[in-house]
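Undergrad: Please find the sequence and the predicted model below.
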Amino acid sequence: MCHAVARVAAPVSDVPDVLAPNLRCVFCGINPGRVSAAAHAHFANPRNDFWRLLHDAGFTPRLFAPEEQFDLIGLGYGITNAAYRTTPGSADLRRDDFDAGRLEGLARELRPHAIAFVGKEAYRGAFGERPELGPQRRELHDSSLFVLPSTSPANAAVPYAERLHWFRTLHDWLEPVPRAAVRALVVDREGRILLMRWQRPGAEWWIAPGGGVQEGETDEQALRRELLEELGLPHVDLGEPMFERTHVLPGAEGIRVQRDVFYELRVESLEVAPTIDLEAENMTGHRWWTLAELEATDERYSPPELPELLRGLIYG
């Protein structure tokens with residue numbers, strides 16, 4: 001993990017962002033209060049339970065003081081705010097103080113595994129919707145989202161034990177779960193590649209057909225099952241795997257570290273006829289892509305090496 005401090009261009013805040021690339025989790029408060037602004041440190045009010053909750057939930061090996069905030073980066077964590085303007089209280093914020101685009105830029109540039117909003121109002125200010133506590137279905141670029149109770153003294157009506165429960169739940173939820181998946185690079189006689197559109201709130205991708213390997217299946221068995229379900233292909237001849245990668249996947253169920261194995265599959269032509277309800281799998285369509293279209297598009301596709309892989313399949 002890179003521990004160099006990085007900053008995303010944004011309006012100036014009285015409290016500096018604590019950020020670096022590829023963090024496990026970025027905690028996102030609502031905005032700086034006057035005590036934090038004076039200290040230039042997040043959650044600096046001594047009546048705020050944030051730092052105690054971090055320690056008691058297992059995020060830090062000891063109780064950190066607010067002025068030690070940059071030491072979090074070495075543990076894989078960061079801190080920012082949903083709004084940068086300092087106010088006496090969060091009720092003094094205006095709608096235009098929040099900028100979801102800045103958080104989107106943070107997620108895109110620094111790629112944290114997750115962003116945890118410290119308080120429902122921090123999430124609501126950013127996205128204009130009321131969340132429940134816990135993991136969210138919405139994603140932000142490649143980052144999963146989680147909502148914690150507020151740690152502010154204004155939220156003292158919520159018992160410490162309940163707030164600690166949610167911090168511990170986040171700690172467990174961030175533990176990566178391994179997952180094996182197989183996919184097919186389906187190329188037709190015109191040199192086009194078939195991709196499926198995968199959609200969830202806040203995320204849309206074009207991906208190769210395929211999916212997870214179930215218990216007891218080999219990679220080849222899993223891919224044949226997936227191709228029958230997603231494309232309606234009853235029989236396929238699979239060669240040797242041609243590409244493999246491991247990457248972090250966001251999701252409301254938790255953080256997954258997925259190994260994808262890709263096989264080449266040549267077809268003369270193909271009429272896609274799924275045998276399952278693809279919308280239940282978050283897939284909402286398919287499209288044949290040329291190499292030129294892949295290289296020119298602003299839409300997101302996975303893996304990022306697709307143009308290079310398709311070029312190799314076309315030109316050998």
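TA: Perfect, I can see it now. Residues are numbered from 1 along each chain as shown.

Undergrad: Can you show me the helices along the stretch 1-150 of the chain?
TA: Secondary structure of the stretch 1-150 of the chain by DSSP state H, counting those that start in this stretch: the helices cover 34-39, 50-56, 100-110, 120-127.

Undergrad: Name the residues of the second one that come out as buried.
TA: By that I understand helix 50-56. Buried residues in helix 50-56, defined by neighbour count with 16 or more other C-beta atoms under 10 Å: 50, 51, 52, 53, 54, 56. Using the backbone N, CA and C atoms, a C-beta is placed for each residue, glycine as well.

Undergrad: Likewise for the first one?
TA: Judged by neighbour count (16+ other C-beta under 10 Å), helix 34-39 contains these buried residues: 35, 36, 37, 39.

Undergrad: Point out the one among the helices of the stretch 1-150 of the chain that comes closest to residue 225.
TA: helix 100-110 (33.1 Å; C-beta to C-beta).

Undergrad: how would you label the residue sitting furthest away from the middle of the chain: helix, strand or coil?
TA: In the chain, the residue that sits farthest from the middle, by C-alpha atoms, centre = their mean, is residue 268; the gap is 36.6 Å. Following DSSP: H, G, I helix; E, B strand; the rest coil, residue 268 is assigned to coil.

Undergrad: Tell me the confidence at it?
TA: Looking at residue 268, its pLDDT is 92.

Undergrad: what sits against it?
TA: Neighbouring residues of residue 268 by C-beta atoms under 8 Å, 6 or more residues apart in numbering: 188, 189.

Undergrad: Next: residue 288.
TA: With C-beta under 8 Å, 6+ apart, residue 288 has these contacts: 188, 192, 193, 194, 195.

Undergrad: what about 7 Å?
TA: 188, 192, 194 (C-beta atoms under 7 Å, 6 or more residues apart in numbering).

Undergrad: Now the last one: closest residue in space, sequence neighbours ignored.
TA: Pointing back at residue 194 there. Leaving aside its sequence neighbours, residue 194 sits nearest to residue 186 (C-beta to C-beta, 6 or more residues apart in numbering; 4.1 Å).

Undergrad: Quick check: beta-bridge partners of residue 263?
TA: residue 184, residue 241 (DSSP bridges).

Undergrad: still on that earlier bit, let me know the distance separating the residue farthest from the centre of the chain from residue 115.
TA: 46 Å (C-beta to C-beta, to the nearest Å).

Undergrad: again, but for residue 152
TA: 19 Å.

Undergrad: Please say which of those two ends up with more neighbours.
TA: The residue with more neighbours, out of residue 152 and residue 115, is residue 115; 29 against 22, by other C-beta atoms under 10 Å.

Undergrad: so where do the strands sit in the stretch 1-150 of the chain?
TA: 25-29, 77-81, 114-118, 134-140, 143-148 (DSSP state E, counting those that start in this stretch).

Undergrad: Next, format the ones you listed as JSON lines and append distance to residue 247.
TA: Below are those laid out as JSON lines (distance: least, C-beta to C-beta, whole Å):
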{"stretch": "strand 25-29", "distance to residue 247": "17"}
{"stretch": "strand 77-81", "distance to residue 247": "20"}
{"stretch": "strand 114-118", "distance to residue 247": "15"}
{"stretch": "strand 134-140", "distance to residue 247": "14"}
{"stretch": "strand 143-148", "distance to residue 247": "13"}
